[in-house]
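[1] sharing a model that was predicted from the sequence below.
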Amino acid sequence: MHCFPCFSTPRNKKSSSSDEANNNEVKLHERRQPDEAEQSEETTLKIFSFRELATATKNFRQECLLGEGGFGRVYKGTLKSTGQVVAVKQLDKHGLHGNKEFQTEVLSLGQLDHPNLVKLVGYCADGDQRLLVYDYISGGTLEDNLQEPKPDRQPMDWTMRMQIAYGAAQGLEYLHDKVDPPVIYRDLKASNILLDDDLCPKLCDFGLHKLGPGTGDKMMALSSRVMGTYGYSAPEYTRGGTLTTKSDVYSFGVVLLELITGRKALDTTKPNDEQNLVSWAQPIFRDPKRYPDMVDPILKKKFSERGLNQAVAIASMCVQEEPTARPLISDVMVALSFLSMSTEDGIPTAVPMLSFKDKSMSIALSRHDSNLVSPTPEVATEDDKSSTSSDEDSSTDNEKEMMSKKKKKKLEEEDSLTESDDGSDSNSDDEHEKDQESQPPKPVDEKNQAQSLKIKYRYSWEDVDINEGRLSSKSSQKSNDGGSISSGYESNKDHDDLPKEKEEKEEDHTHLEHMQSSKTDDSQSVYFDDDDDSGDDNEEVSLHRVKSEVEVGSFEDDSGASLHHTES
Ligand SMILES: Nc1ncnc2c1ncn2[C@@H]1O[C@H](COP(=O)(O)OP(=O)(O)OP(=O)(O)O)[C@@H](O)[C@H]1O
């Protein structure tokens, strides 16, 4: 039985032959190299003798015991040969696979390599002993850090929490999207997320179910393990149904809720109606005014309300009953990448709307934030559709490349429009081309994205009813005065009322910042605004990549804030 068929190629098996085993080292060549970031020529797993690990853990002494989970005990150890500190997981002997199967699965696990996964260093299959050796992660579990923070450590602030959520999402996204076939985690929870000294999250315990028993009594012995952990398991899974990547997304949503609230997924010390975190949170999801009340009191209200709204929106999407309604982890990851940015005082973080593969995420976020407008393929032009399609997943590389080129061209066109926002009319194609030539694409600096960056909203198109207002225009725009943002819609209101509403709305928009986003790939949009670092970001709104503008009206959203719209 192969855990990851693509890794279990004859070539891989060959590479674990006795020759290399004699060298006490197994070298594997990855058959699939997902993208440059994850490319690694080979993966090296060390094979340990039982004696080596006994020495490392002082003969598995109690004082070295880190804890015991569903698969066995975990000891802290120091490898004599290298001095490396490791965590040695001694798997329960009960029902384990034979040597060969074990080795196959372990070699597959050894190929998984991501900064947000605990790295498997090596293993031991000596007689009936099966042990796994991992990097030791010194900061404890996320659960402990949330529930019993160390006295010498500051409580985690909001940004740290979002950064942890973002890191965990990255690890999960790697398992779901970068490994072929996808690895379903099955048991994602706060106690399976370890933090290093810098609070970088690392997922552990993934893929271990494949090392356990297969059928009958043996299966029963680990049934609780196989069924995940109550409070975190998706409803369809606990009902004995299908396990999919969306089950992991549910568990991730629970972890995100724990980060927001500081509560446990399941807390039997609380009153009945508060014991299950998701059940407790469901009614609150429907009442945004109550969001601030659900935040961990230890944060002492130090969080951005917009960031909170969006974080709750993401969590509520993840824990939906219907698996298909849950977002892709890649979209969750993108949204969190923005929420996890450190922000300057008073400037909340928000998510640019065209970053998602699946429009449901942008629609959900825009419902929770009156300043965000989500795209709708129904009303978008062909070009627009290519940049907002939810089908990018399934497109071939060629299609992706074509879409990417289209997107790039479109953005360049829109940039050239923005460049001429000084009042000159630059709508002619000739001028666009000229502008494109004179403006090489701006570089993406992924590393430097967090600090002081503010996200430039991509105002786009929407066909979503928000109370009485209904958007219908195909374009987004920047007003002549450069200060207000408008998008077209059909107003139910008398147009005579508009000037006053416009005034009010423009005020509402003055807190929209210049934004600068640095993340991109084929499915993400990039907005740069290099000239907006003046420090006056709160005062002025700049919207790039706009098309046309004729003002029509405004509408109010759930929160009572109204947006101003124009129509071409
Ligand atoms: N790589 C590691 N570095 C440091 N500590 C670790 C490491 N792996 C596991 N631990 C610690 O060992 C203990 C037992 O871990 P294990 O994953 O076996 O069980 P668990 O997560 O407590 O339970 P479950 O099996 O239900 O997931 C936990 O406290 C965990 O924090």
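    That came through, no problem.
[2] endpoint to endpoint, stretch 69-82 covers what distance?
    This stretch, stretch 69-82, spans 27 Å end to end (CA to CA, to the nearest Å).
[3] that stretch close to the ligand?
    Yes. Contact of stretch 69-82 with the ligand (CB under 6 Å from any ligand atom) involves G69, G70, F71, V74. C-beta coordinates here come from the backbone N, C-alpha and C atoms, glycine included.
[4] quick one: which two of these are the most distant?
    G70 and V74 (11.2 Å; CB to CB).
[5] determine the set of other helices and strands touching the strand or helix carrying V86.
    Secondary structure from DSSP states H and E places V86 in strand 85-91. With contacts taken as 3 or more CB pairs under 8 Å, 6 or more residues apart in numbering; DSSP states H and E, strand 85-91 sits against helix 50-56, strand 72-78, strand 129-135.
[6] what's the angle from the last one to strand 72-78?
    Here strand 129-135 points in a direction 50 degrees away from that of strand 72-78 (axes from the mean of the first three to the mean of the last three CA atoms, to 10 degrees).
[7] quick one: strand 129-135 near the ligand?
    Yes. If you take CB under 6 Å from any ligand atom as the test, strand 129-135 does meet the ligand, through Y134, D135.
[8] what does the helix or strand following that strand rub up against?
    Per DSSP H and E, the first helix or strand lying C-terminal to strand 129-135 is helix 142-147. Under the contact criterion CB atoms under 8 Å, 6 or more residues apart in numbering, helix 142-147 has outside partners 139, 153, 156, 164, 168, 189-191, 193-195, 199, 201, 255, 258-259, 262, 264, 296.
[9] try it again with 6 Å
    If you take CB atoms under 6 Å, 6 or more residues apart in numbering as the criterion, helix 142-147 is touched by A190, S191, I193, L195, G262.
[10] quick one on the thing from earlier: near the ligand, anything from the strand holding V86?
    Yes. Shown here: strand 85-91 in contact with the ligand (CB under 6 Å from any ligand atom) through A87, K89.
[11] if we go by neighbour counts, what in that strand is buried?
    Within strand 85-91, the residues that qualify as buried by neighbour count (16 or more other CB atoms under 10 Å) are V86, A87, V88, K89, Q90, L91.
[12] adjacent strands (with direction) for that strand?
    Counting by DSSP bridges, the strands paired with strand 85-91 are strand 72-78 (antiparallel), strand 129-135 (antiparallel).
[13] now the first one - C-alpha only, PDB.
    The C-alpha trace of strand 72-78 is given here as PDB (Å, rounded to 0.1, in the frame of the first residue of the first chain):
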ATOM      1  CA  GLY A  72       2.800   6.300  20.900                       C
ATOM      2  CA  ARG A  73       5.200   8.100  23.100                       C
ATOM      3  CA  VAL A  74       7.400  11.000  22.100                       C
ATOM      4  CA  TYR A  75      10.900  11.600  23.700                       C
ATOM      5  CA  LYS A  76      13.300  14.400  23.500                       C
ATOM      6  CA  GLY A  77      16.700  13.200  22.500                       C
ATOM      7  CA  THR A  78      20.200  14.400  21.400                       C
END
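[14] between the contacts of helix 142-147, which sits nearest the ligand?
    Each of the contacts of helix 142-147 was scored against the ligand by CB to the nearest ligand atom, and S191 proved nearest at 4.6 Å.
[15] since we're on that closest one, how many residues are nearby?
    19 (other CB atoms under 10 Å).
[16] wait, it touches L203, no?
    No. Using CB atoms under 6 Å, S191 makes no contact with L203, being 11.2 Å away.
[17] any idea of the mean pLDDT in stretch 89-103?
    For stretch 89-103, mean pLDDT is 78.
[18] no no, stretch 303-318
    93.
[19] now do the SS call for the closest residue to I284 other than its chain neighbours.
    The spatial neighbour of I284 that comes closest, neighbours along the chain excluded (CB to CB, 6 or more residues apart in numbering), is R290 at 4.8 Å. Counting by DSSP: H, G, I helix; E, B strand; the rest coil, the backbone at R290 sits in helix.
[20] isn't R290 right next to Q282, touching?
    No. Taking contacts as CB under 6 Å, R290 lies outside contact range of Q282: 11.7 Å.
[21] for the stretch 51-200 of the chain, give me the ranges with low pLDDT.
    Along the stretch 51-200 of the chain, segments meeting pLDDT under 70 span 94-97.
[22] tell me which residue in it sits closest to the ligand.
    For the stretch 51-200 of the chain, CB to the nearest ligand atom, closest residue to the ligand: G69, 2.0 Å.
[23] most packed of the strands paired with strand 85-91?
    For the strands paired with strand 85-91, the largest average neighbour count (mean count of other CB atoms under 10 Å) is found in strand 129-135, namely a mean of 22.
[24] so who does R51 touch?
    Listed by CB under 6 Å, 6+ apart, R51 has no contact partners.
[25] with F303 instead?
    W158.
[26] point out the residues in the stretch 101-250 of the chain that sit beside the ligand.
    Contacts of the stretch 101-250 of the chain with the ligand, taken as CB under 6 Å from any ligand atom, map to V118, Y134, D135, Y136, I137, T141, D187, S191, N192, L194, C204, D205.
[27] grab the nearest non-local neighbour of the fifth one.
    Yep, that's I137 we're talking about. L194 (3.9 Å).
[28] you'd agree that neighbour is in a strand?
    Yes. When three-state DSSP is applied, L194 is found to be in a strand.
[29] please tell me how far it sits from S247.
    21 Å (CB to CB, to the nearest Å).
[30] before we move on, what about T261?
    22 Å.
[31] and those two? Which one has more around it.
    Shown here are T261 and S247; by other CB under 10 Å, S247 has more neighbours (25 against 21).
[32] got a list of contacts for the strand or helix carrying that one?
    Using DSSP H and E, S247 falls within helix 245-261. For helix 245-261, the external contacting residues (CB under 6 Å, 6+ apart) are 161, 165, 172, 176, 182, 184-185, 188, 190, 232, 234, 237, 265, 277, 281, 294, 296, 311, 315, 318-319, 323, 326, 329.
[33] after that helix, heading C-terminal, what element do we hit next?
    Immediately after helix 245-261, counting by DSSP H and E, sits helix 272-275.
[34] look at E378 and report its pLDDT.
    On the pLDDT scale, E378 is placed at 38.
[35] break the protein into its domains for me.
    Domain assignment for the chain by the TED database gives 43-136, 138-346.
[36] give the buried residues for stretch 268-280.
    Within stretch 268-280, the residues that count as buried by 16+ other CB under 10 Å are Q275, N276, L277, V278, W280.
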